[in-house]
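Novice: Following is a predicted model, sequence given first.
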Amino acid sequence: MTLDVDAVKAFVTIADLKSFTRAAETLGSTQGAVSVKLKRLEKQIGHRLIERTPRLVRLSAQGAEFLAPARELLAAHDRAIAGLSKARHRFTLGIATHVGGAELPTLLTRLHAYDPSLTYAVASALASSCHR
């Protein structure tokens, strides 16, 4: 069995954001396309990975079991692709916790989707310790 990397990426993004709509935004896609990728992956694997109702998106038992290996697959894929690229980019972000603490995971997910070869460092602190 060969897994579709884009479908696995859609699954992991849905799991992280607990939303098909936000996953689609993060992946630069539509909610319908993300849903189709997930359905195709679930059919291929033979298990439902995400349970959703109009108000809730959560991992199924099989989805929870598959999440860590899916992340490992994506990380290996990204390393393989990054190894082909001569140009490496590094992004360093210093941010006050109260400014972007809750939105930071979404921001980092979007950065990674935009440029998988990007490496980044994040320093988060209270506002008083950010001043020089």
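Specialist: Everything's here; your move. Residues are numbered from 1 along each chain as shown.
Novice: and the longest helix for the protein?
Specialist: helix 61-84 (DSSP state H).
Novice: Domain map for this structure?
Specialist: The chain resolves into domains spanning 1-83, 85-132 when parsed by automatic domain parsing.
Novice: quick one on the thing from earlier: roughly how far out does the longest helix of the chain sit from the chain middle?
Specialist: 10 Å (CA atoms, centre = their mean, to the nearest Å).
Novice: In terms of secondary structure, what does the next helix or strand after that helix contact?
Specialist: Counting by DSSP states H and E, the element after helix 61-84 in chain order, helix or strand, is strand 90-96. The contact analysis (3 or more CB pairs under 8 Å, 6 or more residues apart in numbering; DSSP states H and E) places strand 90-96 against strand 119-125, helix 127-130. C-beta: built from backbone N, CA, C; applies to glycine.
Novice: Go through these and find the least confident stretch.
Specialist: The minimum mean pLDDT among the helices and strands packed on strand 90-96 belongs to helix 127-130 (a mean of 50).
Novice: Could you count how many residues lie near residue 35?
Specialist: 18 (other CB atoms under 10 Å).
Novice: name the element it belongs to?
Specialist: helix 31-45.
Novice: quick one: contacts of the helix or strand following that helix?
Specialist: Of the helices and strands lying after helix 31-45 in sequence (DSSP H and E), the nearest is strand 50-53. Defining contact as CB atoms under 8 Å, 6 or more residues apart in numbering, one finds that strand 50-53 is touched by 11, 14, 15, 20, 38, 42, 57, 58, 59, 60, 63.
Novice: Now list the buried members of those residues.
Specialist: 11, 14, 15, 20, 38, 42, 57, 59, 63 (16 or more other CB atoms under 10 Å).
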